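> Got a sequence here, can you build the structure:
(2 chains)
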Amino acid sequence: MKKIKKKEQGKLKVQWIFLLMVILLYAVIGSAKPLIFTASLEIFFKIASQLLPSLLLVLLFLFTANLFMDSKMVAKRLVEADGVGAWITAILAGLLSTGPIFLWYPLLAELRDKGLKNPLLVVFLYNRAVKIPLIPVLVHYFGLTYTLVLTGYMMAFSVINGVVVGSVMSRGEVE
Amino acid sequence: MNRTEKALIKAINGFMQFLPVLVAVLLLISLANSLLGPEDFRHFFTGNTFTDPLVGAILGSIAAGNPITSYIIGGELKSVGVSLIAVTAFILSWVTVGVAQSPMEAATLGRRFTIARNLTSFLSAIIIAVMTVTTIRLL
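Now for the predicted structure:
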């Protein structure tokens, strides 16, 4: 777990280094081609100001998710669920799960040892891609209808993918 | 520290995790917009109904990072005329296919599982993209 936290901290450092490199690139462009520098900054502020309301909503959603969600509770429900309820639980757990995927892998491997089936694992992982807190940004760029249709298909396909991967894995066990 | 304060700090930390990349990507997109014209994106996306979604899915699979970055790049690609199917395939493969995370996934959940999951996610990205855009057109 400590190793994973270190990896996360490293990842965060890399993100700031990436930003610093881009700022340095801007500094170079600013001294060599001031017109391109100014034009780029104008575009940046235009896009950023358009995005700002959506980003504030993202922060609010993240806060709400953290207030009411507990990863240990999610994991417990995931193993205990059965039948159709298990699929629904896996979808909901994926949708509501927060935090970086690196932190989830060891926990998921442990849950599989405790009886979590491969198809449900796939459903969980696929639905993690539906980022509820980030939905305002998706709506901002593509509209509400698109977001709803896409999200609906993603949830449906998570089950199909779960069945397919489950069958591939069980074939492997037979072989 | 009470529960609300903890949740707020966690939310701010989560937000700060993608903020530097978000700002950097926005700066790069702004720079690209001032340097390149829409026609430059034609190198990757030719307007072909069959190959564009595939190209979108491949680019999305290779790319890594926070989903919000894929939404922004996808939005910009759409604004320069790249088809919505290709953009959707790009976003979907970005968020569901994890080439960059695959070594860690394989180490914890197994190689066979990782390959099968990523392959089905890749194919699903293209199928869902086609179905999403078709559904929107029918609505």
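
> Give the other helices and strands that the helix or strand containing A:P136 contacts.
Take DSSP states H and E as the rule and A:P136 turns out to sit in helix A:135-142. The criterion is 3 or more CB pairs under 8 Å, 6 or more residues apart in numbering or on different chains; DSSP states H and E, and the helices and strands that helix A:135-142 contacts are helix A:34-68, helix A:144-174, helix B:67-79. For every residue, glycine as well, the C-beta is placed using N, CA and C.

> pretty sure B:V87 contacts B:L77?
Yes - in this structure, B:V87 sits in contact with B:L77. The criterion is CB atoms under 8 Å, and the distance is 5.2 Å.

> Looking at these two, which is more packed in?
When neighbours are counted by other CB atoms under 10 Å in any protein chain shown, B:V87 comes out ahead of the other of B:V87 and B:L77, with 28 against 23.

> and the helix or strand hosting the more buried one, is it in reach of chain A?
Mapping B:V87 onto the secondary structure by DSSP H and E places it in helix B:84-96. Yes - using CB under 8 Å from any CB of the partner chain as the criterion, contacts between helix B:84-96 and chain A involve B:L84, B:T88, B:L92, B:V95, B:T96.

> Okay, and the closest residue in space to the second one that isn't next to it in sequence sits in which element?
It stands for B:T88. Of all residues beyond its chain neighbours, the one nearest B:T88 is B:A129 (3.8 Å), with distances taken as CB to CB, 6 or more residues apart in numbering or on different chains. Assessed by DSSP H and E, B:A129 sits inside helix B:111-138.

> Contacts only, for the residue most central in space within chain A.
Within chain A, one residue has its C-alpha closest to the average C-alpha position: by CA atoms, centre = their mean, that is A:A129, at 4.7 Å. Going by CB atoms under 8 Å, 6 or more residues apart in numbering or on different chains, A:A129 touches A:M154, B:P67, B:L92, B:V95, B:T96.

> What sits closest to the first one if chain neighbours are left out?
Same thing as A:M154. Spatially, and ignoring its direct neighbours in sequence, A:M154 is nearest to A:V130 (5.5 Å; CB to CB, 6+ apart).

> Does the residue nearest to B:T88 touch B:W94 like I think?
No - at 11.9 Å, B:A129 and B:W94 do not qualify as touching, with contact defined as CB under 8 Å.
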